[in-house]
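[1] Sequence and predicted structure are below.
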Amino acid sequence: MIFGLIMEGTNGAIMSKKTQNLINKINNKGPYLGVVIPNLFEQNPLLNSPDYTAIDVVIDISAIRAQFGYLANSKLRLIIMASFSYIGFLGLIFMIFGLIMEGTNGAIMSKKTQNLINKINNKGPYLGVVIPNLFEQNPLLNSPDYTPIDVVIDISGRRFRFGKIGDQKVVSVMTGLGMINAGITTQLLLSFFNVEGVVHYGIAGNANPSLNIGDLALEANGDYTREVGYLKFADYAVNNLELEKCINSTTCLSTTPKVYTVERGTSASIYLDNAAYRSFIYDKFKVSPVDMESAAVALISLQQRVPYIAIRALSDLAGGGSADSNEADIFINLAADNSIIAVLAFIKQLSAFKNGGGVNSM
């Protein structure tokens, strides 16, 4: 069974052996039709319906309760889950109940891949690096500070790459755009691999008129500056870090980008191109970076009790600085490079701190 292979040797945050055995037992009675419901007031009428018969099994995983039953005059068995925070857990539903277990309706991976996961996990733990897009991933993989390990593992359309930054072992993965992609990818990362923390980086739009293109925004509000190896990143001076100012010899920013700690950021599966809404979310909520993935990565990390930090570089003023400007297209690569500069500096300091060294100002 792959489930024991996933959990043993990893951070074991998802479930106990007792729960694993119960999942194996219930899966042998499948397959099931998954019924995902947003809220309790929508779930309860189904559970109380005379057409629904409950099976006396309830499984709790990652703050989500799975209940089992079937409909009258039907052999169709149901898994019913209600969760407000469903992002990413969709992937866990498929992973646990019926898709990866031997003897069910199709394995998510081969035995060879399962054995490779076990082998790589025994060499961990790793720092998970979660990246939205290819143009944000490639500069990291091509950086002289990154040393690849000759192992690549593909799971559910996601490619997990292994390497080292300084002395820190890392596993990186590209999510693709949007909250659902980011949540599912992060869930797969934390479920399959021995991960001790998550670093999420990339570009973001900017809603804060006091910040400039190319600046780094570290969100102080939320769980983003939780202790990672006892290091609180946002507690240290960060403006000694040299960030890129120029795209080429003729195109440069008017100000040199800096690293800032900001009150909060926000995420949504939309591209914010509305100046009025940008002003509203800053005036009302003091939001600075605006992106499409960070909140989903944070949510899954929080559910799995894994430390997490987001590092976002500002590529444009959300909604545009002027009608004729095309800031995002012009400065997107510069912003991506600056986010990578900060990530590399952070991971190096984290590695040094874990090895007994001090923390330098960035």
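    Sure thing, it's come through.
[2] from here on, contacts and neighbour counts on C-alpha atoms
    Fine.
[3] what about the closest residue in space to Tyr308 that isn't next to it in sequence, distance to Phe162?
    Counting by C-alpha to C-alpha, 6 or more residues apart in numbering, Tyr308 lies nearest to Val198, which is 4.7 Å off, once chain neighbours are set aside. Separation of Val198 from Phe162 (C-alpha to C-alpha, to the nearest Å) stands at 14 Å.
[4] Which one's more surrounded, those two?
    Counted by other C-alpha atoms under 10 Å, Val198 and Phe162 do not tie: Val198 has more neighbours, with 27 against 22.
[5] ok, now which ones touch that one?
    Listed by C-alpha atoms under 8 Å, 6 or more residues apart in numbering, the contact partners of Val198 are Leu127, Gly128, Val129, Val130, Ser301, Val306, Pro307, Tyr308, Ile309.
[6] let's go with 10 Å and repeat that
    Val198 makes contacts with 126-130, 170-172, 186, 189-190, 224, 228, 297-298, 301, 306-310, as judged by C-alpha atoms under 10 Å, 6 or more residues apart in numbering.
[7] Out of these, list just those in strands.
    Judged by DSSP state E, the subset of these located in strands is Tyr126, Leu127, Gly128, Val129, Val130, Val170, Val171, Ser172, Tyr308, Ile309, Ala310.
[8] Could you give the bridge partners of Ala204?
    Beta-bridge partners for Ala204, by DSSP bridges, are Leu314.
[9] same thing with Gly128?
    With DSSP bridges as the rule, Gly128 is bridged to Val171, Val198.
[10] do Val290 as well
    Gly205, Thr266.
[11] Would you check that it makes contact with Ser279?
    No: if you go by C-alpha atoms under 10 Å, Val290 and Ser279 don't touch, sitting 12.0 Å apart.
[12] related to what we said a few turns ago, derive a ChimeraX selection command for the buried subset of the contacts of Val198.
    The buried subset of the contacts of Val198, as determined by 16 or more other C-alpha atoms under 10 Å, is captured in ChimeraX by this line:
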select :126,127,128,129,130,170,171,172,186,189,190,224,228,297,298,301,306,307,308,309,310
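[13] all strands for this structure, in order.
    Here the chain has its strands, by DSSP E, at 33-37, 52-61, 64-71, 77-82, 126-131, 146-155, 158-165, 168-174, 195-206, 216-219, 259-262, 264-267, 287-291, 308-317.
[14] what about stretch 284-294, start to end distance?
    20 Å.
[15] Buried residues, that stretch. List them.
    Of the residues in stretch 284-294, those buried (16+ other C-alpha under 10 Å) are Lys286, Val287, Ser288, Pro289, Val290, Asp291, Met292, Glu293, Ser294.
[16] Repeat that for stretch 245-262.
    Applying 16+ other C-alpha under 10 Å to stretch 245-262 flags Lys245, Cys246, Pro257, Lys258, Val259, Tyr260, Thr261, Val262 as buried.
[17] what's the answer for stretch 43-54, then?
    Within stretch 43-54, the residues scored as buried using 16+ other C-alpha under 10 Å are Gln43, Leu47, Tyr52, Thr53.
[18] Run the chain-centre distance for it.
    Offset of stretch 43-54 from its chain centre (C-alpha atoms, centre = their mean, to the nearest Å): 34 Å.
[19] Numbering from 518 from now on, please.
    That works, and once the first residue is 518, the last one we named lands at stretch 560-571.
[20] Show the end-to-end separation of it, please.
    End to end - C-alpha to C-alpha - stretch 560-571 spans 13 Å.
[21] how about the CA coordinates for stretch 660-668, as PDB?
    Output of stretch 660-668 as PDB, limited to C-alpha atoms (Å, rounded to 0.1, in the frame of the first residue of the first chain):
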ATOM      1  CA  SER A 660      21.000  30.000 -10.700                       C
ATOM      2  CA  PRO A 661      24.700  29.200  -9.700                       C
ATOM      3  CA  ASP A 662      23.400  29.000  -6.100                       C
ATOM      4  CA  TYR A 663      21.200  26.100  -7.000                       C
ATOM      5  CA  THR A 664      22.700  22.600  -7.300                       C
ATOM      6  CA  PRO A 665      20.300  20.000  -8.800                       C
ATOM      7  CA  ILE A 666      20.000  16.400  -7.600                       C
ATOM      8  CA  ASP A 667      19.500  14.000 -10.500                       C
ATOM      9  CA  VAL A 668      16.000  13.100  -9.400                       C
END
